[in-house]
Structure formats: structure tokens, C-alpha cells
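Q: Return atomic coordinates for the entry below.
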Amino acid sequence: MDCLSFLAEQKINEALRKGTLTPERLKGKPLKFEDDSFVPAELKMAYKILKNSGYLPPEVTERREVKQLEDLIEHSEDEHERLRQMKKLQILLMKVDARRGFRSRITEQDEYYRQVVEHITTHKGGKKDG
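A: Numbering: from 1, shown residues only. Here you go, the predicted structure:
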């Protein structure tokens, strides 16, 4: 038994004695498995510790912000609000591109981006204007 296993075993036994860790409390509840298959093996423990402490990498935070802005744009009825959110999205994508050192895929496909913006601005509630 290595040192870490020994220490872990001691902590578990101590918690059981104090009553802070009761197996009955966890009995019958499903375990939560997280997909970390994309994380290199040598970084899994570090990522797990950071996640458990509440830290999110900037890329994850930015991805969430992009998704929120896209949802706001899609569901907004007000053209001015939609345009404002589209400008925010454009600025956020520029920040992402600057951090990475290369352009994000959506801005690389300018024609596709233009069509998406056109589709979003010309559709309200699923009906085409005009």
C-alpha cells in the first residue's frame, strides 16, 4: 500500500467514526460520471481539482457566453436588441480569436456567418418578414 492510499484509508475510517461519512446516506443513489475522455491522462487530476474548486477555464466560460448570446439573438423580437446582441457576439468572437491566435470557424466562413445573421434578422417567431 502506498502512502496516499494509506492516508486516504485513514481519513475514510476517521470520517466513518465521526459519523460525517455515512454509507446509508449514499446508498441507492446513482454515481455521477463525468466524460473526461478528451483530457490527457496526466492532466485529469489537475482538471478535477480545479473543477471541484469552482474554477472554469476561460474557454468554457466564453463558450457559455456565446451560446447565451446566440439564444438571445434567436429569440429576440426587437431588432435593436438583436443587433446589440449580435455586436456583443462579434466582440466576444474577436476576443476568442485573439486569445487563440487564429480565427474561430464561424468568422472564417464569412459567407456562412452573413447568411446566419440574415436568417436571424429576417425571421421573427418563425415567420419571414416582408
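
Q: Burial check on residue 85, number of neighbours?
A: 20 (other CB atoms under 10 Å). From N, CA and C alone the C-beta is placed, and that goes for glycine too.

Q: now do residue 86
A: Residue 86, neighbours per other CB under 10 Å, totals 19.

Q: Any figure for the gap between it and residue 70?
A: Going from residue 86 to residue 70 by CB to CB, to the nearest Å gives 10 Å.

Q: now do residue 10
A: For residue 10 relative to residue 70 (CB to CB), the value is 50 Å.

Q: now do residue 118
A: 15 Å.

Q: Neighbour count: the two, which is higher?
A: Ranked by neighbour count (other CB under 10 Å), residue 118 and residue 70 place residue 70 first, with 15 against 10.

Q: Report all helices and strands that the helix or strand that one falls within contacts.
A: Secondary structure assignment for residue 70, by DSSP states H and E: helix 58-75. Judged by 3 or more CB pairs under 8 Å, 6 or more residues apart in numbering; DSSP states H and E, the packing partners of helix 58-75 are helix 79-100.

Q: Would you mind getting the angle between the helix it packs on and helix 58-75?
A: 160 degrees (axes from the mean of the first three to the mean of the last three CA atoms, to 10 degrees).

Q: Pull the distance from helix 79-100 to the chain's centre.
A: Relative to its chain's centre, helix 79-100 lies at 17 Å (CA atoms, centre = their mean, to the nearest Å).
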